[in-house]
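Asks: Below: sequence and its predicted model.
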Amino acid sequence: MLPNSAFEQADNLQGFCAFLLDLHLYKPIILTMTSTHLIMSLLLLFYGCAENTFTQPPPSTLQFGSDETLDIITWNIEEFPKSYLTVEYLSQLIIELDADIVALQEIGSESYFNSLVNTLDGWNGERTSGSYALAYVYKSDLNILDIYEIDELDEYEFSRTPYMLEVNWKNDIVYLVNNHYKCCG
C-alpha cells in the first residue's frame, strides 16, 4: 500500500485534474494547437479577402429533354402569390426550364395567375376556381384537346376535384391529371 493517496500527491489543481482525467498537459501541445489555429486563421483571412472574380451565376445547364419529348413539371406553389415579385420570378423560371406543360397547385389569385400567363410569351394557361386552385400553363403550340375538372371523382370524397388535361402529342393522346390532396387528415 502506498503511504500517500493520489489526492495528497497532487500539489496543485492542474496536476490534480490531470491525474484524475489521465491528461498530460505540456507546453508543446498547447504551442502546436496555437500554431494550427494561427495557420487556419491566416488561411481564412487569405481566402476570405481574395478578389471575387465570379459575380454572375453560371449559365443554366438544366435541361428537360428536347423537341422529341413532352416535358411536364408539377409544382405546388403553396399559396400563390407569396409577394408581388412571385409572378416575375415564376415566369423567369418557367421560361428557363423550358418544359412544355407546368401543372400548378394552390393558385390562390386568378388575377395574378392571368398576369403570369400574360408575361409568358408563347404560353397559355387555365385555372380552376377557389383559393387552392389547380392550374396548367402550357406552350401555345401544343395541341391541347381539352382541360376540365373530373367531377365524377367527387363521389370518392376528394377534397379538391382533380384537373385533367388532354394533349395530342405526336398523334398520341396524353392524359394528365393534376391533383392536390388535402393534407393533415
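Replies: Sure thing, it's come through.

Asks: which one is residue 161 nearest to, not counting chain neighbours?
Replies: residue 149 (4.5 Å; Cβ to Cβ, 6 or more residues apart in numbering). From N, CA and C alone the C-beta is placed, and that goes for glycine too.

Asks: Now residue 94: phi and psi?
Replies: Note on residue 94: backbone dihedrals following degrees, to the nearest 10 are phi -60, psi -40.

Asks: Against residue 101, how distant is it?
Replies: 10 Å (Cβ to Cβ, to the nearest Å).

Asks: How many residues are close by residue 74?
Replies: Using other Cβ atoms under 10 Å, residue 74 has 15 other residues around it.

Asks: Am I right that it is in a strand?
Replies: Yes: the assignment for residue 74 by DSSP: H, G, I helix; E, B strand; the rest coil puts it in a strand.

Asks: element containing the residue nearest to it when sequence neighbours are not counted?
Replies: Spatial nearest neighbour of residue 74, chain neighbours left out: residue 103 (4.3 Å); criterion: Cβ to Cβ, 6+ apart. Per DSSP states H and E: residue 103 is located in strand 101-107.

Asks: ok, residues contacting stretch 169-185?
Replies: 70, 72, 74, 76, 101, 103-106, 132, 134-136, 142-143, 145, 150, 158-160, 162-168 (Cβ atoms under 8 Å, 6 or more residues apart in numbering).
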